[in-house]
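# give me a 3D structure for the following:
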Amino acid sequence: MGIVSPLGNDAPAFWTNLLAGKSGVGAISHFDPREFTVKIAAEVRDFDPIAHFSVKEANRMDRVTQFGVVAARQAVSNAGLASGTYDPDRVGVIVGSGIGGIKTLEDQHRVLMTKGNRFVSPFFIPMMIPDILPGQIAMEFGFCGPNYAVTSACATASHAIGVAFLHLLHGDADVIITGGAEAGITPLAVAGFANMKALSRRNDEPTKASRPFDLHRDGFVIGEGAGVVVLEELEHALRRGVPIYAEVVGYGFSADAYHVTAPHPEGRGAALSMEAAIRMSGLPKSTFGYINAHGTSTTLNDVNETTAIKKVFGDQAYELNISSTKSMTGHLLGAAGGIEFATLSLALYHQIIPPTINYEFPDPACDLNYTPNHSQPCAFIAGLSNNFGFGGHNAVIAVRTYHENNA
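Have a look, this model is predicted:
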């Protein structure tokens with residue numbers, strides 16, 4: 001796995017800060033937010049593109065592509081994909097983004113309006129389109145297998161991981177680099193989300209602004225970064241002798257078919273996806289001990305996700321460990337599912353549940369165990385990663401601990 005995030009720019013730093021309950025939210029520095037109603041975000045700090053790319057390369061990549069390529073490099077290295085250990089024609093890249101190169105779009109529109117059409121960059125289109133990211137990763141490593149981007153708002157990376165899983169099951173590839181990236185902390189994006197009343201306005205307490213399932217939540221905090229993982233067919237991984245964090249065993253996806261932005265009030269689509277992922281896994285529901293929740297810190301989502309979990313698990317819902325790591329990372333939009341799938345895999349590997357921070361005032365409508373404020377050791381076999389997007393897109397990944405006798 002590879003991670004670029006508000007909590008650290010590699011997986012070990014991210015995991016350490018996550019377990020410590022640190023917040024990655026602060027004042028916006030990417031632009032001057034003085035005239036904005038929302039002045040906070042979860043930015044990636046200490047990321048210098050020139051430390052990773054030549055000046056020419058950096059200038060021809062939007063920030064979202066830079067994040068994704070750096071995370072992919074980490075993942076490929078972490079997976080031990082050294083030259084000669086795989087067939088490049090059997091390695092795919094499926095990495096998504098919810099809104100792609102929006103900074104490039106804003107910058108080039110400004111050029112168009114102030115200087116004229118002849119000054120718009122010839123690199124504008126390839127810098128902006130979301131599918132350039134998996135293309136860049138493939139070109140860097142020479143991976144010639146299935147290659148495309150997925151775009152389904154906040155469910156993007158989970159859908160990317162899910163379809164990568166299906167490609168592996170179908171025999172289309174041996175290895176797929178997958179996940180999501182996002183770099184949407186720009187004036188236009190922040191204004192758009194703020195004007196639809198989706199963002200927290202707790203500007204005076206940024207580290208407490210993202211508070212999933214808490215009674216006083218008032219919206220999500222926009223974040224940025226990338227979460228990229230390597231999925232590999234089991235026998236192929238065993239032949240290479242590489243460490244395995246966890247085993248993907250199920251994927252569920254559905255539509256709410258209800259509203260442009262609001263989730264289904266009874267959590268119907270979310271429940272359908274969880275049920276499908278569990279059914280595909282073939283595991284009893286009793287083996288599931290943890291859900292990395294979508295948990296955005298919005299009024300509607302947190303109640304509806306809680307309702308969906310109860311619908312799927314019944315009385316067992318009260319015994320589950322649930323947490324929303326968005327309380328620390330903010331909401332990484334199209335990258336959220338990649339970061340959170342990695343979190344679930346690490347939680348399984350280390351048998352510890354990261355917390356939901358800022359949980360101070362229980363909401364009677366959200367009455368489950370959200371692992372408040374402190375990480376907790378927990379012995380569990382399987383877990384779910386939930387992600388639900390604007391437009392009613394739902395994606396859930398089921399993951400279990402890996403042991404040799406699983407095979």
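
# tabulate the CA atom coordinates of stretch 373-382 in PDB.
Coordinates of each C-alpha in stretch 373-382 appear next as PDB, following Å, rounded to 0.1, in the frame of the first residue of the first chain:
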ATOM      1  CA  ASN A 373     -11.600   8.900  20.900                       C
ATOM      2  CA  HIS A 374      -9.100   6.100  21.500                       C
ATOM      3  CA  SER A 375      -7.900   3.100  19.400                       C
ATOM      4  CA  GLN A 376      -8.800  -0.300  20.900                       C
ATOM      5  CA  PRO A 377      -7.200  -3.700  20.500                       C
ATOM      6  CA  CYS A 378      -9.700  -6.200  19.100                       C
ATOM      7  CA  ALA A 379      -9.500  -9.800  17.900                       C
ATOM      8  CA  PHE A 380     -11.600 -10.100  14.700                       C
ATOM      9  CA  ILE A 381     -11.600 -12.100  11.500                       C
ATOM     10  CA  ALA A 382     -13.300  -9.900   9.000                       C
END
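
# now that stretch: buried residues?
Ser375, Phe380, Ala382 (16 or more other Cβ atoms under 10 Å). Yep, even glycine has a C-beta here, placed from its N, CA and C like the rest.

# which residues are contacting the helix or strand hosting Leu188?
Assigned by DSSP states H and E, Leu188 belongs to helix 187-195. With contacts defined as Cβ atoms under 8 Å, 6 or more residues apart in numbering, helix 187-195 is touched by 28, 31, 33, 36-38, 41, 99, 102, 105-106, 199, 201, 222.

# among these, which two are most distant?
Spatial extent of the contacts of helix 187-195 (Cβ to Cβ) is set by the pair Leu105 and Arg201 at 25.5 Å.

# point me to the residue sitting closest to the centre of the chain.
Compute the mean C-alpha point of the chain, and by Cα atoms, centre = their mean the closest residue is Ala336, 1.9 Å away.

# which other helices and strands contact the host helix or strand of that one?
For Ala336, the host element (DSSP H and E) is helix 336-350. With contacts taken as 3 or more Cβ pairs under 8 Å, 6 or more residues apart in numbering; DSSP states H and E, helix 336-350 sits against helix 11-19, helix 156-170, strand 175-182, strand 225-232, strand 288-292, helix 326-329, strand 382-389, strand 393-400.

# mind doing that once more with 7 Å?
When contacts are defined as 3 or more Cβ pairs under 7 Å, 6 or more residues apart in numbering; DSSP states H and E, helix 336-350 packs onto helix 11-19, helix 156-170, strand 175-182, strand 225-232, strand 288-292, strand 382-389, strand 393-400.

# so who does Gly84 touch?
Listed by Cβ atoms under 7 Å, 6 or more residues apart in numbering, the contact set of Gly84 is empty.

# out of the helices and strands packed on helix 336-350, which gets nearest to Glu305?
Taking the helices and strands packed on helix 336-350 one by one with Cβ to Cβ, strand 382-389 is closest: 6.8 Å.

# same for the closest one, what does it pack against?
By 3+ Cβ pairs under 7 Å, 6+ apart, strand 382-389 packs against helix 156-170, helix 268-281, strand 288-292, helix 336-350, strand 393-400.

# in its sheet, what does it sit against?
Strand 382-389 has its sheet partners listed here by DSSP bridges as strand 288-292 (parallel), strand 393-400 (antiparallel).

# convert the lowest-mean-pLDDT helix or strand in the chain to CSV, retaining C-alpha atoms only.
The helix or strand of the chain with the poorest confidence is helix 234-240; it has a mean of 94 (mean pLDDT, DSSP states H and E). The C-alpha trace of helix 234-240 is given here as CSV (Å, rounded to 0.1, in the frame of the first residue of the first chain):
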residue,chain,number,x,y,z
LEU,A,234,-3.2,-15.3,-4.2
GLU,A,235,-1.2,-18.0,-5.9
HIS,A,236,0.8,-15.4,-7.8
ALA,A,237,1.6,-13.6,-4.5
LEU,A,238,2.6,-16.8,-2.8
ARG,A,239,4.9,-17.7,-5.7
ARG,A,240,6.6,-14.3,-5.3
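
# how about residues contacting it?
Under Cβ under 7 Å, 6+ apart, the answer for helix 234-240 is Gly80, Thr85, Asp174, Val175, Ile244, Ala407.

# got it, and stretch 363-374?
21, 213-215, 302-303, 306, 309, 317-318, 320-324, 353, 355-357, 359.

# how long is that stretch end to end?
18 Å (Cα to Cα, to the nearest Å).

# how about stretch 241-260?
Using Cα to Cα, the end-to-end distance of stretch 241-260 comes to 46 Å.

# with stretch 273-287 instead?
Using Cα to Cα, one end of stretch 273-287 lies 18 Å from the other.

# now do it, average pLDDT.
Average pLDDT, stretch 273-287: 98.

# and if you look at stretch 250-259?
Average pLDDT, stretch 250-259: 95.

# tell me the helix or strand right after the helix or strand containing Thr104.
In this structure, Thr104 sits in helix 102-115 according to DSSP H and E. Along the chain past helix 102-115, the next helix or strand (assigned with DSSP H and E) turns out to be helix 124-128.

# that next one packs against which elements?
helix 102-115.

# mind listing the residues bridging to Gly2?
Beta-bridge pairing for Gly2 (DSSP bridges): Val228.
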